[in-house]
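Enquirer: just to be clear, the model below is a prediction. Sequence and coordinates:
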There are 2 protein chains.
Amino acid sequence: MAPNYRSVVLRAKSLDLEFSGLTAEIDHVNSLFDSAEFRYQKLKMMAKKFTIPQFGLTAFVKTKETNCYKAYTYNFYIFPASWGSVDSWLTCQASSLKFLCCHEFDFNKWIYKGVSYLSIEQEEELKSQMKQSPYNLARDIDDDYMLKEILRKVRDWLMEEQEDVICLGEFDALQRLYLQLALKKAFPSVHVEIKDSGEVVASRLTSAESSTNEHQIAENLLDNLLGFSKVIRLLIKSKKPLIGHNCLTDMLLIYENFIHPLPDKLSEFKKIIHDLFPVIIDTKILIRENRKSLRGLGIDIGSTALQSLYLTLKNSAAKLSALNPPTIIIHHTSPKYEHAEHLHEAGYDSYLAGFIFIKLAHMLTVTKLGRASSPLITFHDYVQSIQPSVNKLYLMRANVGYVSLKGSDPSYNIPGWLYVQSKDSSALDASELAELFEGYSTVDVRLIDRKTAIIAVSSFIGCRNILKDFKSDGQLLVRKYNIFQHNKLVRYSLWGSLALMGAICVWALLGDQKSSDVG
Amino acid sequence: MAPNYRSVVLRAKSLDLEFSGLTAEIDHVNSLFDSAEFRYQKLKMMAKKFTIPQFGLTAFVKTKETNCYKAYTYNFYIFPASWGSVDSWLTCQASSLKFLCCHEFDFNKWIYKGVSYLSIEQEEELKSQMKQSPYNLARDIDDDYMLKEILRKVRDWLMEEQEDVICLGEFDALQRLYLQLALKKAFPSVHVEIKDSGEVVASRLTSAESSTNEHQIAENLLDNLLGFSKVIRLLIKSKKPLIGHNCLTDMLLIYENFIHPLPDKLSEFKKIIHDLFPVIIDTKILIRENRKSLRGLGIDIGSTALQSLYLTLKNSAAKLSALNPPTIIIHHTSPKYEHAEHLHEAGYDSYLAGFIFIKLAHMLTVTKLGRASSPLITFHDYVQSIQPSVNKLYLMRANVGYVSLKGSDPSYNIPGWLYVQSKDSSALDASELAELFEGYSTVDVRLIDRKTAIIAVSSFIGCRNILKDFKSDGQLLVRKYNIFQHNKLVRYSLWGSLALMGAICVWALLGDQKSSDVG
């Protein structure tokens, strides 16, 4: 029998989560001009529209006295509760759905059988309706053919007065509770019972029988609607380290779907998320901050995509054997993942993220504590030795590298902004400029007016080389951007006010005085 | 073998369509204050967000020399094409998806196997990309693991130079074409062939073989993406009478998804739809305009919901036998619908709509032409005798009863607007007012300010009774609304400007002078 996720979570050393999302299309909106706050606003809009169809959770349990972790992997299909006044809008792109098809996503399983969930807000809403009357949780039956049919059947049976008992059929847990409540409301003199087989049976209430308590039924119903939210609450309660791979968006989705509507400001979001999950580790950050140490151990990390990372670390086993890394085995209760890869299935991805973390953290801890320590290293040591990378969530293509959940965000990390002006009367074209400079580095372009643009350049070398190569360009004047000289133009630019705010603040903090004689 | 829809459509007397939609939630926004133009704007917003997951089409073919129609029913799962730059957003409510579950909707069939379609706009977009280069239709492979894997396999095979031929597996029609194009682009020296079995096979191109024409492949691919749009084009070409049940929203969805983005104005929409589909019959209109005649024949129509109507007409068979109504049989190529009901499955619903039309139209035609004519009545006679109801699309709970596709819309049909004022200092409450008056008639309430409201009342009797009962009310002053006296208040009201425009224009046209001394 599969062990209950509850006991596994509580025994686990760490928990990893991944979703397969309907959010595949968001990367293209990232820009080097984005501040952390601005990116938060963008992601917040996404999180309000999109949903989490699949939630992957892997619990890593260290086996006693051995250097081995057992991975218990769960892949939950989840679907937002729609009940009474509670409902959710789902938005997705046709191409995202087709993308999920490539990974054998089961849409029927998702919509028909997906585990229900409620945010705290939604739960409160239903609770307050229930407080007025438990029958408020028995929905309007107008649209419910199944219930209409059953009510008709019970009414006919009551009129006929022949059989003592009537079997109403088999239903899933939620339907059973709903039926019980609706029948109790419609026919107070009828006793409705759920058999062990799951079958619902109605009989005439005799004076000896006590009627089932409608408050209890309504509470069970609410508990059933809460469904997957209880797993999230358990994660929160456990305070175990949480590991993800590029997981900022995931944390926003968790917040929006299971906690509250996302707050207006990034700072509020950070505060609450940190209170709920005090240790979050983003493996993307772990790599970025430790590339050099890893190279010292002979591990050259190329792509940081989840699967590539996994393969790199798996294939480095021979090189790393001297470090005595722990073995990680998939527990036989997750047989699906034992023998085959299921990339982009949330459960499997969460296993990969945890695998990556344990392998990396072990290497980094050994490097820090010395090779002799390696057989004795504990999970606690891992978290201690990578402390500088804890609670930082990776930001892709932004003007800072990460969001810091504890304390203030890092200062500006874009090596350079360039100011570009057309030397003749011809207008600048954003995509032409991007193409012109992209050979040097990753760049983003913002047009200020017809003849002026600002270019964000992601690498120091790229920035220097552009300035060198375009020093005497016939068409374009290219200079380091200077806030004091160029500010006025920016103020009247086409930028969104928020982008402008973010950008200028960051620049002012940096106060790049040296370049003021260049512009 | 099932007859091809193409030949059936061309032989059919009439075509009926229905969709099971993700639009179940729109009715609650309807209001008696809505003009046709305003309702169009509301529905247009909906049509841009929602989608058509299932399209039902029934062709009714009259068998020669007999009084019998054979119904050929098709139930298409359709899913918007996402290819290259063409993509669609889908929005739905969790509760709508759950509603589809009650009717055994197969989401995997919809998303995995749904027939592709393109609007004319989208087709043009892909055509112009194809014109630049047919390879533009071979998408970016970055996200396509399947294609990446196959390209790798072919590359390895080319390097090894051992086998002459390599089998790449079996694929669906679209994947095959896509593979053919992508392989041709990557390896011009390779000959890619699709076997009759559907298997894709690659071999080295010899000088004797002519390379498959990439233009031809790209064109086949585009044709495949067009998919269901070709059925719509066939419907347009056939110019057969189209029958629907409450089908205004359906026509908007057809327009938006298969033709062009919906135009700004209702008048433009009407013009183009009428050009494309010159005879549309809405069975809801047919009932509304002929209740009296039907009652004369002993048929009392209660609910006008699709299934109730069907049952009413089916159960009236004995009463109607003297009229010699045609029999309607489901052709054995639609066995699913022969023996069981599949309500809210689009195919079945389209059958019901057609059944209702033929039964109603026959009765009405006999009434007009006399009983002696009944064995000789043709489908053409049906359309002729119900001419006044043709090309009117039903409007539910609006200030007019229908949208007229040919010519101008009807004038105002709301029997009365009432002006309500609080007599003391207490503020009015919209939902309290609605509750107060709903016993008289269907009503909608608009608050003008704290102490004033306008009530739209859907029946003459209701309006009269309210005026009578509230003549000497202590709390509320209730009068017939008068544009000349009350207009100023309305101008400063909370109404949307569009609603206001529609309402005032209509009122002015009606020029209800008699009531000017009442207000």
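Expert: Received the coordinates, thanks.

Enquirer: residues in the stretch 1-150 of chain A within reach of chain B, list them.
Expert: Counting by Cβ under 8 Å from any Cβ of the partner chain, the stretch 1-150 of chain A comes close to chain B at A:24, A:79-82, A:87-95, A:97-102, A:106-108, A:110-112, A:143-146. In short, each C-beta sits where N, CA and C put it, glycine included.

Enquirer: ChimeraX command to pick out the buried ones of these?
Expert: The command below creates a ChimeraX selection of those among those that count as buried (16 or more other Cβ atoms under 10 Å in any protein chain shown):
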select /A:24,79,80,81,82,87,88,89,90,91,92,93,94,95,97,98,99,100,106,107,108,110,111,112,144
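
Enquirer: return the subset of the residues of the stretch 1-150 of chain A next to chain B lying in strands.
Expert: Among the residues of the stretch 1-150 of chain A next to chain B, DSSP state E puts A:79, A:80, A:89, A:90, A:91, A:92, A:93 in strands.

Enquirer: wouldn't the last one be in contact with residue B:91 here?
Expert: Put plainly, it is residue A:93. No: Residue A:93 is beyond contact range of residue B:91, at 10.6 Å (criterion: Cβ atoms under 8 Å).

Enquirer: coming back round to it: can I get the ones in strands among the residues of the stretch 1-150 of chain A next to chain B in TSV including distance to residue B:65?
Expert: Shown next, in TSV, are those (distance: Cβ to Cβ, whole Å):
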residue	distance to residue B:65
A:79	55
A:80	57
A:89	55
A:90	53
A:91	54
A:92	53
A:93	53
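
Enquirer: how is chain A carved up into domains?
Expert: A:5-113+A:229-403, A:131-224, A:417-517 (automatic domain parsing).

Enquirer: now the ones in strands among the residues of the stretch 1-150 of chain A next to chain B in JSON lines, with distance to residue A:452 and pLDDT?
Expert: Listed next are those as JSON lines, based on distance: Cβ to Cβ, whole Å; pLDDT from 0 to 100:
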{"residue": "A:79", "distance to residue A:452": "50", "pLDDT": "93"}
{"residue": "A:80", "distance to residue A:452": "47", "pLDDT": "93"}
{"residue": "A:89", "distance to residue A:452": "41", "pLDDT": "83"}
{"residue": "A:90", "distance to residue A:452": "42", "pLDDT": "83"}
{"residue": "A:91", "distance to residue A:452": "37", "pLDDT": "81"}
{"residue": "A:92", "distance to residue A:452": "39", "pLDDT": "80"}
{"residue": "A:93", "distance to residue A:452": "35", "pLDDT": "81"}
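
Enquirer: which one of those is nearest to residue A:157?
Expert: Closest approach to residue A:157 among these (Cβ to Cβ): residue A:79, at 33.7 Å.

Enquirer: quick one: the closest one from residue A:114, how far?
Expert: Residue A:79 sits 3 Å away from residue A:114, going by Cβ to Cβ, to the nearest Å.

Enquirer: any shared contact partners between these two?
Expert: Shared contacts of residue A:79 and residue A:114 (Cβ atoms under 8 Å, 6 or more residues apart in numbering or on different chains): residue A:53.

Enquirer: tell me the residues of chain A that contact chain B?
Expert: Near chain B, when you scan chain A using Cβ under 8 Å from any Cβ, you find A:24, A:79-82, A:87-95, A:97-102, A:106-108, A:110-112, A:143-146, A:343.

Enquirer: can you count the residues close to residue A:408?
Expert: The number of residues packed near residue A:408 is 9, by other Cβ atoms under 10 Å in any protein chain shown.

Enquirer: and it, what pLDDT?
Expert: With respect to pLDDT, residue A:408 has a value of 79.

Enquirer: distance of it relative to residue B:428?
Expert: 52 Å.

Enquirer: same question for residue A:74.
Expert: Distance from residue A:74 to residue B:428, by Cβ to Cβ: 54 Å.

Enquirer: could you do residue A:368 as well?
Expert: Taking Cβ to Cβ, one finds residue A:368 at 73 Å from residue B:428.

Enquirer: okay, those two: which has more neighbours?
Expert: Neighbour totals were compared for residue A:368 and residue B:428, and residue B:428 leads with 19 against 14 (other Cβ under 10 Å).

Enquirer: how near is the more buried one to residue B:444?
Expert: Distance from residue B:428 to residue B:444, by Cβ to Cβ: 14 Å.

Enquirer: do residue A:117 as well
Expert: Distance from residue A:117 to residue B:444, by Cβ to Cβ: 36 Å.

Enquirer: compare those two (neighbour count), which wins?
Expert: Under the neighbour definition other Cβ under 10 Å, residue A:117 and residue B:444 were set side by side, and residue A:117 has more, 25 against 22.

Enquirer: do I have it right that the more buried one meets residue A:258?
Expert: Yes: using Cβ under 8 Å, residue A:117 is in contact with residue A:258, at 6.4 Å.

Enquirer: and for these two, which residues touch both?
Expert: By Cβ under 8 Å, 6+ apart, the residues touching both residue A:117 and residue A:258 are A:228, A:229, A:232.

Enquirer: for the second one, what are its contacts?
Expert: Taking Cβ under 8 Å, 6+ apart, we find residue A:229 in contact with A:117, A:118, A:119, A:123, A:258.

Enquirer: for the spatially closest residue to it that is not a sequence neighbour, name its beta-bridge partners.
Expert: Leaving aside its chain neighbours, residue A:229 sits nearest to residue A:117 (4.6 Å; criterion: Cβ to Cβ, 6 or more residues apart in numbering or on different chains). For residue A:117, the beta-bridge partners under DSSP bridges are residue A:80, residue A:227.

Enquirer: quick one, what contacts residue A:117?
Expert: A:78, A:79, A:80, A:81, A:226, A:227, A:228, A:229, A:232, A:257, A:258.

Enquirer: correct me, but the second one touches residue A:111?
Expert: Yep, that's residue A:79 we're talking about. Yes: if you go by Cβ under 8 Å, residue A:79 and residue A:111 touch, sitting 6.0 Å apart.

Enquirer: hey, what's in contact with both of these two?
Expert: Counting by Cβ under 8 Å, 6+ apart, the shared contacts of residue A:79 and residue A:111 are residue B:97.

Enquirer: buried sites along the helix or strand harbouring residue A:356?
Expert: Using DSSP states H and E, residue A:356 falls within helix A:346-369. Neighbour-count burial for helix A:346-369, counted by 16+ other Cβ under 10 Å, picks out A:346-367.

Enquirer: okay, the residue of chain A most remote from its centre: pLDDT?
Expert: Most distant from the centre of chain A: residue A:162, at 56.6 Å, with distances by Cα atoms, centre = their mean. Residue A:162 is assigned a predicted lDDT (pLDDT) of 74.

Enquirer: helix or strand for the residue nearest to residue A:350 when sequence neighbours are not counted, just tell me which one.
Expert: In space, and not counting its chain neighbours, residue A:350 is closest to residue A:56: 3.6 Å by Cβ to Cβ, 6+ apart. Using DSSP H and E, residue A:56 sits in strand A:54-62.

Enquirer: what about the residue in the stretch 351-500 of chain A positioned nearest to chain B, how many residues nearby?
Expert: Of the stretch 351-500 of chain A, the residue with the smallest distance to chain B, taken as Cβ to the nearest Cβ, is residue A:431 at 14.7 Å. Counted with other Cβ under 10 Å, residues neighbouring residue A:431 total 8.

Enquirer: residue A:318 now?
Expert: Using other Cβ under 10 Å: residue A:318 sits among 7 other residues.

Enquirer: distance check, it against residue A:341.
Expert: Per Cβ to Cβ, residue A:318 is found 21 Å from residue A:341.
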